[in-house]
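Enquirer: pasting the sequence and the predicted coordinates here, then a few questions.
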Amino acid sequence: MSLREENGTKGRRFEADLRILLLPFLSFSSTERVLADLFKSLSVLSVELVPIHQRLVQIRKHLSSLAAMEKPVKSEVKALMEELRKIDA
């Protein structure tokens, strides 16, 4: 193999390696656009979901306070789980 051929092979390998290294960054911008579109579409909560959302936030806060307890009250946890099942149904 001549020096020119060897340099050409190394150059192609370098270009291929460079493309592989840059691929996540090139696709990142398109991923960012899709993510921004998703956030934009989810930023407005429909009117009928507002009370459900508020209740879910309350349940989450209650669960957090229970999780902070050394011995959480099982009946409270079960009641919250039942309420979550009702919301899910």
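Expert: Looks like it came in fine.

Enquirer: can you list the domain ranges for this structure.
Expert: Following automatic domain parsing, one gets these domains for the chain: 1-44, 45-89.

Enquirer: which one of those has the poorest average confidence?
Expert: For the domains of the chain, the bottom mean pLDDT is recorded on domain 1-44, which sits at a mean of 65.

Enquirer: picking that back up, would you turn the domains of the chain into a markdown table with mean neighbour count?
Expert: For glycine as for every other residue, the C-beta is placed from the backbone atoms N, C-alpha and C. Formatted as a markdown table, the domains of the chain follow (neighbours: other C-beta atoms under 10 Å):
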| stretch | mean neighbour count |
| --- | --- |
| domain 1-44 | 9 |
| domain 45-89 | 11 |
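
Enquirer: what's in contact with stretch 33-53?
Expert: Contact with stretch 33-53 is made by residue 87, as judged by C-beta atoms under 8 Å, 6 or more residues apart in numbering.

Enquirer: need the contact list for residue 78.
Expert: Residue 78 neighbours (C-beta under 8 Å, 6+ apart): none.

Enquirer: so how far is residue 84 from it?
Expert: Noted for residue 78: a distance of 11 Å to residue 84, by C-beta to C-beta, to the nearest Å.

Enquirer: touching, residue 59 and residue 83? I think so.
Expert: Yes - applying C-beta atoms under 8 Å, one finds residue 59 in contact with residue 83, separated by 6.5 Å.

Enquirer: measure the spatially most central residue of the chain to residue 88 for me?
Expert: By C-alpha atoms, centre = their mean, the mean C-alpha position of the chain lies nearest to residue 35, the distance being 9.4 Å. From residue 35 over to residue 88 the distance is 26 Å, taken as C-beta to C-beta.
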